[in-house]
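Chemist: Show me the folded form of this:
(one chain, ligands or ions: 1)
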Amino acid sequence: MKKVMDHNELFTRPEYKEQFERKKTFENCPSDEEIKKVADWTKTPEYKELNFQRQHIKINPAKACQPLGAVYCAAGFEGSMPFVQGAQGCVAYFRSHLSRHFKEPFSAISTSMTEDAAVFGGLNNMLEGLENAYALYKPKMLSVSTTCMAEVIGDDLNAYIKQAREKGVIPANLPVAFAHTPSFVGSHLTGYDNMLKGILSALTAHKKGEPNGKLNIIPGFDPYTGNIEEIKRILNMMGVPHTVLADVTDVFDSPNTGEYKLYPGGTPLEDAADSINGEATIALQKYSTQKTIDYIHKHWGQKTVTTNPIGIKGTDALLEELSRISDRPIPEELENERGRAVDAMIDSHPYVHGKRFALVGDPDLLLGLMALIMEMGGLPAHIVCTNGDKNFEQEANELLASSPFGREGRVYVGKDMWHLRSLLFTEPVDVLIGNSYAKFLWRDTGTPLVRIGFPLFDRHHLHRYPVIGYKGAMNLVNWIVNTILDEMDRKTMHSASFDVIR
Ligand code: SF4
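Modeler: Residues are numbered from 1 along each chain as shown. Presented below is the predicted three-dimensional model:
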């Protein structure tokens, strides 16, 4: 049988090596010495200063674009087909990004806008797209978002959808939610928030009735399906009736039964429509749910609470809130879980205490990780949040100021991983936490990397493990401390300190 080679093996063959050499000559590539000289210069404080003056370009930013967040949210509802008014290439990016992170197939429709739509407007694409989508895929709901192109030319989704109904392109009673999601502002978090608000306002219109005694949970743009499983487990243990809104668990962690399902799960539309009659709504993230929470508070008149249940304090706060709202006690089983998480942290803290950390990622995740690291005596040093805003900056600084372990921390809002590279060379840390793209920082600087966040392309299955709750705290401690121990092994490999017991 002929062996199929991966590229890392294939490109070591002589014909490819020769081709690479010819390419270097053709491109008039600088000498190896020159490349090394420049590479070394990029590690200096002088370069860092120039790098931080950079204004008009982002290099390796830790963010994705608005409609990606919108289609992710849309996938979390029963029979909902994400439908994007825009170019095919954008939707291919959303689908591949989500499929690569979750290792699941993922469907989303593009209206395939091209140059003619850019000139004449996207109405025809929208009408044809809606007609085809309904005829082919028979969704229970279409969830429409936009790409940059549709936004630049000013496509009006509300008017287009109205016309589609009037022309009989889609059934009059088919729910069609929409959100304008221009990617030249905001990020995947904004897109998630806009789409969720759009879906809830579409489904709950005229549904205000008697209180249903249930608690609504909004996970936010959460790349861990394990987190949604975990919050449901906690609520079931406490006996709290609930509805998880935008429940992506079965969509992005669907069982392989040998049968492909186009719509593998999601929040039932009936439950989503009834969420307007819930007792209260709890968001597990702040920065991806702000508009939705504001809408629920103002338009539904519901009690709303935002929590961040990462780490011990964060989980304590969530459970106390759940207990207060539902008037139910926190079960002994959860108290025991807390004890186990605290025990794991005590066992691990000698390896974490006093270690300097660099963190890059989304705002809520960063705040949760900073809290957990400081709970173990670790020192968050560089906190880089490409899509953070002034509010995040203030919140992160207040969190750092609340602990003696936060004294070395500095928050960098709007900065990217190339900025972080400069920081890692000029003010090194012991551990780096970030998504798969942070592996370039690991390669360049040698800083041990703990992969936490979105996207995670180069390691498998991590999304199934929760990072929220006491179980999540134990997972995080496990990943962090075992990375530190791996590094200790690597550094002591040829010394008497290379030991079995750590
Ligand atoms: S930034 Fe705009 S053009 Fe680029 S993928 Fe996102 S929506 Fe498409």
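Chemist: Report how many residues lie close to the residue of the stretch 251-400 of the chain found nearest the ligand.
Modeler: Minimum separation of the stretch 251-400 of the chain from the ligand (C-beta to the nearest ligand atom) falls at N387, amounting to 12.9 Å. Heads up, the C-betas are built off the backbone N, CA and C, glycines and all. As a burial measure, N387 scores 21 neighbours (other C-beta atoms under 10 Å).
Chemist: now do G239
Modeler: The local packing of G239 (other C-beta under 10 Å) involves 10 other residues.
Chemist: Which parts of this protein are strands?
Modeler: Counting by DSSP state E, the chain has these strands, from start to end: 80-85, 109-110, 141-146, 176-178, 215-218, 242-244, 280-283, 303-306, 356-360, 379-385, 410-413, 431-434, 449-451.
Chemist: Quick check: residues of the chain near the ligand?
Modeler: Taking C-beta under 6 Å from any ligand atom, the part of the chain that reaches the ligand is made up of 65, 67, 90, 93, 147-148, 183.
Chemist: make it 5 Å
Modeler: Within reach of the ligand by C-beta under 5 Å from any ligand atom, the chain has these residues: 65, 90, 147-148, 183.
Chemist: can you list those in TSV and add neighbour count and pLDDT?
Modeler: Listed next are those as TSV, based on neighbours: other C-beta atoms under 10 Å; pLDDT from 0 to 100:
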residue	neighbour count	pLDDT
C65	22	95
C90	23	97
T147	29	97
C148	18	96
S183	24	92
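Chemist: Can you list which of those are found in helices?
Modeler: Judged by DSSP state H, those include 90, 148 as members of helices.
Chemist: Take the residues of the chain next to the ligand and lay them out in a markdown table including distance to L157.
Modeler: Output for the residues of the chain next to the ligand, formatted as a markdown table (distance: C-beta to C-beta, whole Å):
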| residue | distance to L157 |
| --- | --- |
| C65 | 17 |
| C90 | 16 |
| T147 | 12 |
| C148 | 14 |
| S183 | 15 |
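Chemist: hmm, back to that, if I read this right, the residue of the stretch 251-400 of the chain closest to the ligand contacts K63, doesn't it?
Modeler: Yes. Using C-beta atoms under 8 Å, N387 is in contact with K63, at 4.3 Å.
Chemist: Common neighbours of the two, please.
Modeler: Listed as contacting both N387 and K63 by C-beta atoms under 8 Å, 6 or more residues apart in numbering are 187-188, 362.
Chemist: which regions of the stretch 351-500 of the chain lie under the pLDDT threshold?
Modeler: Applying pLDDT under 70 to the stretch 351-500 of the chain picks out no residues at all.
Chemist: on that earlier part again, inside helices: which ones of the shared contacts of N387 and K63?
Modeler: H188.
Chemist: Distance to I452 and neighbour count added to the shared contacts of N387 and K63, as CSV?
Modeler: Shown next, in CSV, are the shared contacts of N387 and K63 (distance: C-beta to C-beta, whole Å; neighbours: other C-beta atoms under 10 Å):
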residue, distance to I452, neighbour count
S187, 18, 24
H188, 16, 28
D362, 10, 29
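Chemist: in stretch 83-96, what counts as buried?
Modeler: For stretch 83-96, burial by neighbour count (16 or more other C-beta atoms under 10 Å) applies to 83-87, 90-91, 93-95.
Chemist: With respect to L127, which of those is nearest?
Modeler: Q85 (10.9 Å; C-beta to C-beta).
Chemist: so what's the residue lying closest to A396 once chain neighbours are set aside up against?
Modeler: Nearest non-adjacent residue to A396, counting by C-beta to C-beta, 6 or more residues apart in numbering: V411, 4.5 Å away. The neighbours of V411, taking C-beta under 8 Å, 6+ apart as the test, are 383, 385, 388, 392-393, 396-397, 400.
Chemist: Check V71 too.
Modeler: With contact set as C-beta under 8 Å, 6+ apart, V71 has these partners: 82, 84, 91, 94-95, 98, 108, 143, 145, 195.
Chemist: Swap in 10 Å and give it another go.
Modeler: 80-84, 90-91, 94-95, 97-98, 106-109, 143, 145, 181, 188, 191-192, 195 (C-beta atoms under 10 Å, 6 or more residues apart in numbering).
Chemist: Next: P219.
Modeler: Listed by C-beta under 10 Å, 6+ apart, the contact set of P219 reads 73, 76, 192, 225, 227-228, 231, 244-249, 282-285, 288-289, 468.
Chemist: returning to what we had before: export the shared contacts of N387 and K63 as a markdown table, with columns for distance to V450.
Modeler: Converted to a markdown table, those look like this (distance: C-beta to C-beta, whole Å):
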| residue | distance to V450 |
| --- | --- |
| S187 | 22 |
| H188 | 21 |
| D362 | 15 |
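Chemist: Run a quick check on A205 versus A273, I expect a contact.
Modeler: Yes. The criterion here is C-beta atoms under 10 Å, and A205 meets it with A273 at 8.8 Å.
Chemist: Let me see the domain layout of the chain.
Modeler: For the chain, the structural domains run 66-204, 215-332, 349-491, going by automatic domain parsing.
Chemist: Of those, which is nearest Y16?
Modeler: Checking the domains of the chain against Y16 by C-beta to C-beta gives domain 349-491 as the closest, at 21.1 Å.
Chemist: What residues sit buried inside the longest helix along the chain?
Modeler: In the chain, taking DSSP H as the definition, the longest helix is helix 469-491. Within helix 469-491, the residues scored as buried using 16+ other C-beta under 10 Å are 469-477, 479-481, 483-484, 487-488.
Chemist: Can you list the helices and strands that it packs against?
Modeler: The contact analysis (3 or more C-beta pairs under 10 Å, 6 or more residues apart in numbering; DSSP states H and E) places helix 469-491 against helix 225-238, helix 311-326, helix 332-352, helix 363-375, strand 431-434, strand 449-451.
Chemist: Determine the set of other helices and strands touching the last one.
Modeler: Think strand 449-451. Applying 3+ C-beta pairs under 10 Å, 6+ apart, one finds that strand 449-451 contacts strand 356-360, strand 431-434, helix 439-445, helix 469-491.
Chemist: what about that strand, distance to the chain center?
Modeler: 15 Å (C-alpha atoms, centre = their mean, to the nearest Å).
Chemist: who touches it?
Modeler: Residues outside strand 449-451 that contact it (C-beta under 10 Å, 6+ apart) are 357-359, 369, 431-436, 438-443, 457-459, 462, 476, 479-484, 487.
Chemist: Weed out the non-buried ones from these.
Modeler: 357-359, 369, 431-436, 438-439, 441-442, 457, 462, 476, 479-481, 483-484, 487.
Chemist: Make CSV from the strands of the chain and add distance to N256 to it.
Modeler: CSV is the format used below for the strands of the chain (distance: least, C-beta to C-beta, whole Å):
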stretch, distance to N256
strand 80-85, 22
strand 109-110, 24
strand 141-146, 26
strand 176-178, 30
strand 215-218, 27
strand 242-244, 23
strand 280-283, 32
strand 303-306, 36
strand 356-360, 33
strand 379-385, 36
strand 410-413, 41
strand 431-434, 30
strand 449-451, 24
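Chemist: thinking again about what came up before, go through the helices and strands packed on strand 449-451 and name the closest to R338.
Modeler: Closest to R338 of those, according to C-beta to C-beta: helix 469-491, at 5.1 Å.
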